[in-house]
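Participant: No letters, just coordinates:
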């Protein structure tokens, strides 16, 4: 039975590829030998309607393969997938009206023509009537501030501008599920920020479910509510983005600016990150010792000019997850 | 069906618009394409001056065959050049975006590109057919149907060979060599194809159904030749389409280089 509040339902999804083993020219031609590579292994998760989920993993983790199976491009080896109740590789055509896709490394825009022309072509692909198409395009172009972009040939657009047009193209037919595969790859910091904000705003406004793959943790933090981490085709963790810190990081970074040139803080649970005269940067294992205790000890040793307490960067959390070692284990080394 | 037809016209218009977006290049390619044939074709006049008949074919047959071959080749280049670039599209994973559209993949892939030199080929081909018609008093009533059928056979032949790209990496250059043979063989007099070559021209590279048999029909008005051409055209198109979809299944399996994510 399909739960009507579930947009994406993935059950025991598997994908294996046959890869030809390297051998001599004639041997390979006459009797090729194949190896099986498991790209996705028994993956299961669900995404509720309107959720924005980051699908994160290192290179070769199986992210793009999974997205391709969910969007009907690849057929799985086994398992079940339902996108709004449709099985992608069986109901590909029906499902296509309900999904939008953006592949950051591939363009759906016609290179020599203005993006507006591609939008018009897509309106025919999705059987939109002229009135609906015009009002939707005007609405999206306004929201994405792309009025000046859609008249220029795509070849004259910057990567960031092109990506804005790519996302408009994918949203034209009001898909209820949007698959974004590395949408910010190659973009500068400003363009990344713009794209993230626009995707989030568009999703919030239309209630679009978003499944986003990225290597950039900024995409995850700025756009998504939830993160699914996979590695070697298997689920590593599935949780709220905000819980990722508390779940995986038991370490705080404390920076002290001191009156005294140096102080001795020989306490278990403290790791020295950086040491300079009048300056200390410490990593504190909050399981073994509280930040408050460390600060009190430091203040007893010297008066302090400044204190900064930070979480480690999200990238470090993801790295810890990838390596299969939680931060506490990492710290104990 | 109506939706597919609207998409077809929109896609065709888009392809032409894209090709025409570089006007200077379009004009030049068209002009050079015509020039190439204007320079090349007179060779046949010289040959037929010394050998007035090659297995019953004279200069009127040669004009018709060359004209039909070039016009059909031009029509396919103009409207469905994407078929010729199919091996590249496969290698680069460009079919992915067509697979996420609710429209036929083959249509999207075939009409994704247009080659502007096709304008020159169509003009030259039709010009040569009209010249033959007026100069040698040939009835051209069936010519539109023959051009449509010839274009379908060309397109199907290209589709069939291009679809090997689903299994063979970087097949583009090899496929181009085969397409060249289509163009070459279809513009040559039918009687020079005997034995194995005749079998090839009616099966694997069915240029016989583009020019050889249609020209024989135009010159002799034997209806069975037209029926044979129609049936063969439909059969070959179905065969090529089925082969493409077989390849597409391989693409969807991901067991191919360049497809994996």
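Facilitator: Arrived safely, thanks for sending. Values in this document were obtained by computation on a predicted structure and should not be read as measured data.
Participant: helices or strands up against the helix or strand where residue B:107 lies?
Facilitator: Secondary structure from DSSP states H and E places residue B:107 in helix B:105-110. In terms of contacts (3 or more CB pairs under 8 Å, 6 or more residues apart in numbering or on different chains; DSSP states H and E), helix B:105-110 is packed against helix B:2-20, helix B:59-84, helix B:86-91, helix B:95-99, helix B:143-162, helix B:223-253. C-beta here means a position set from N, CA and C on the backbone, and glycine is covered the same way.
Participant: Please work out the average pLDDT along whichever helix or strand comes after it.
Facilitator: On the C-terminal side of helix B:105-110, the closest following helix or strand by DSSP H and E is helix B:117-135. The average of the pLDDT scores along helix B:117-135 is 92.
Participant: what does helix B:117-135 rub up against?
Facilitator: By CB atoms under 8 Å, 6 or more residues apart in numbering or on different chains, the list of residues contacting helix B:117-135 from outside reads B:26, B:29-34, B:37-38, B:41, B:60, B:63-64, B:66-79, B:81, B:138-140, B:143.
Participant: Now it: buried residues?
Facilitator: B:117-129, B:132-133 (16 or more other CB atoms under 10 Å in any protein chain shown).
Participant: quick one: which of those residues is nearest to residue A:39?
Facilitator: When these are compared for distance to residue A:39 (CB to CB), residue B:118 comes out closest, at 41.2 Å.
Participant: Tell me how far the closest one lies from residue B:8.
Facilitator: 18 Å (CB to CB, to the nearest Å).
Participant: helix, strand or coil for residue A:12?
Facilitator: Of the three states, residue A:12 takes strand according to DSSP: H, G, I helix; E, B strand; the rest coil.
Participant: Report how many residues lie close to the spatially closest residue to it that is not a sequence neighbour.
Facilitator: The shortest distance from residue A:12 to any non-neighbouring residue, by CB to CB, 6 or more residues apart in numbering or on different chains, is to residue A:79 (4.5 Å). Each residue near residue A:79 was counted by other CB atoms under 10 Å in any protein chain shown, and the total is 17.
Participant: same check, this time on residue B:23
Facilitator: When neighbours are counted by other CB under 10 Å, residue B:23 registers 10.
Participant: Dump the helices and strands packed on helix B:105-110 to CSV, plus mean neighbour count.
Facilitator: Shown next, in CSV, are the helices and strands packed on helix B:105-110 (neighbours: other CB atoms under 10 Å in any protein chain shown):
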stretch, mean neighbour count
helix B:2-20, 16
helix B:59-84, 25
helix B:86-91, 24
helix B:95-99, 21
helix B:143-162, 23
helix B:223-253, 16
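Participant: now the helices for chain A?
Facilitator: With DSSP state H applied, chain A shows helices at A:25-30, A:63-70, A:92-96, A:115-125, A:130-143, A:159-171, A:189-206, A:217-223, A:241-248, A:291-301, A:314-322, A:327-332, listed in chain order.
Participant: Now render these as JSON lines, adding mean neighbour count.
Facilitator: Below are those laid out as JSON lines (neighbours: other CB under 10 Å):
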{"stretch": "helix A:25-30", "mean neighbour count": "10"}
{"stretch": "helix A:63-70", "mean neighbour count": "26"}
{"stretch": "helix A:92-96", "mean neighbour count": "19"}
{"stretch": "helix A:115-125", "mean neighbour count": "22"}
{"stretch": "helix A:130-143", "mean neighbour count": "14"}
{"stretch": "helix A:159-171", "mean neighbour count": "22"}
{"stretch": "helix A:189-206", "mean neighbour count": "17"}
{"stretch": "helix A:217-223", "mean neighbour count": "20"}
{"stretch": "helix A:241-248", "mean neighbour count": "16"}
{"stretch": "helix A:291-301", "mean neighbour count": "14"}
{"stretch": "helix A:314-322", "mean neighbour count": "19"}
{"stretch": "helix A:327-332", "mean neighbour count": "16"}
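Participant: Out of those, the one nearest chain B is which?
Facilitator: Taking CB to the nearest CB, helix A:63-70 is the member of those nearest to chain B, at 2.5 Å.
Participant: hmm, that closest one in reach of chain B?
Facilitator: Yes - with CB under 8 Å from any CB of the partner chain as the criterion, chain B is reached by helix A:63-70 at A:63-68.
Participant: picking that back up, assess the claim that the residue nearest to residue A:12 and residue A:66 are in contact.
Facilitator: No - assessed by CB atoms under 8 Å, residue A:79 is found out of contact with residue A:66, at 10.4 Å.
Participant: Overlap of the contact sets of the two?
Facilitator: Shared contacts of residue A:79 and residue A:66 (CB under 8 Å, 6+ apart): A:10, A:13, A:43.
Participant: Number of residues surrounding the second one?
Facilitator: Neighbourhood size, residue A:13 [other CB under 10 Å]: 23.
Participant: Identify the residues contacting the closest residue to residue B:132 other than its chain neighbours.
Facilitator: Spatial nearest neighbour of residue B:132, chain neighbours left out: residue B:63 (3.7 Å); criterion: CB to CB, 6+ apart. By CB under 8 Å, 6+ apart, residue B:63 lies in contact with B:44, B:128-129, B:131-132, B:135-136.
Participant: quick revisit: turn the helices of chain A into JSON lines, columns for mean pLDDT.
Facilitator: Converted to JSON lines, these look like this (pLDDT from 0 to 100):
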{"stretch": "helix A:25-30", "mean pLDDT": "75"}
{"stretch": "helix A:63-70", "mean pLDDT": "91"}
{"stretch": "helix A:92-96", "mean pLDDT": "92"}
{"stretch": "helix A:115-125", "mean pLDDT": "95"}
{"stretch": "helix A:130-143", "mean pLDDT": "92"}
{"stretch": "helix A:159-171", "mean pLDDT": "91"}
{"stretch": "helix A:189-206", "mean pLDDT": "87"}
{"stretch": "helix A:217-223", "mean pLDDT": "84"}
{"stretch": "helix A:241-248", "mean pLDDT": "73"}
{"stretch": "helix A:291-301", "mean pLDDT": "88"}
{"stretch": "helix A:314-322", "mean pLDDT": "71"}
{"stretch": "helix A:327-332", "mean pLDDT": "42"}
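Participant: possible to save the ones you listed as TSV with distance to residue B:232?
Facilitator: Listed next are the helices of chain A as TSV, based on distance: least, CB to CB, whole Å:
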stretch	distance to residue B:232
helix A:25-30	33
helix A:63-70	38
helix A:92-96	31
helix A:115-125	33
helix A:130-143	42
helix A:159-171	41
helix A:189-206	52
helix A:217-223	55
helix A:241-248	62
helix A:291-301	83
helix A:314-322	59
helix A:327-332	70
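Participant: Okay, whatever residue of the stretch 101-250 of chain B ends up closest to chain A and residue A:93: tell me how far apart.
Facilitator: Minimum separation of the stretch 101-250 of chain B from chain A (CB to the nearest CB) falls at residue B:102, amounting to 3.8 Å. To residue A:93, residue B:102 is 5 Å away according to CB to CB.
Participant: try residue B:191
Facilitator: Here the criterion is CB to CB. By it, residue B:191 lies 48 Å from residue A:93.
Participant: Equivalent analysis for residue B:196, please.
Facilitator: From residue B:196 to residue A:93 the distance is 44 Å (CB to CB).
Participant: Residue A:39 too?
Facilitator: Look at residue A:39 and residue A:93: by CB to CB, they are 25 Å apart.
Participant: Over to residue A:299?
Facilitator: Per CB to CB, residue A:299 is found 68 Å from residue A:93.
Participant: next one: residue B:180
Facilitator: Residue B:180 is 36 Å from residue A:93, where distance means CB to CB.
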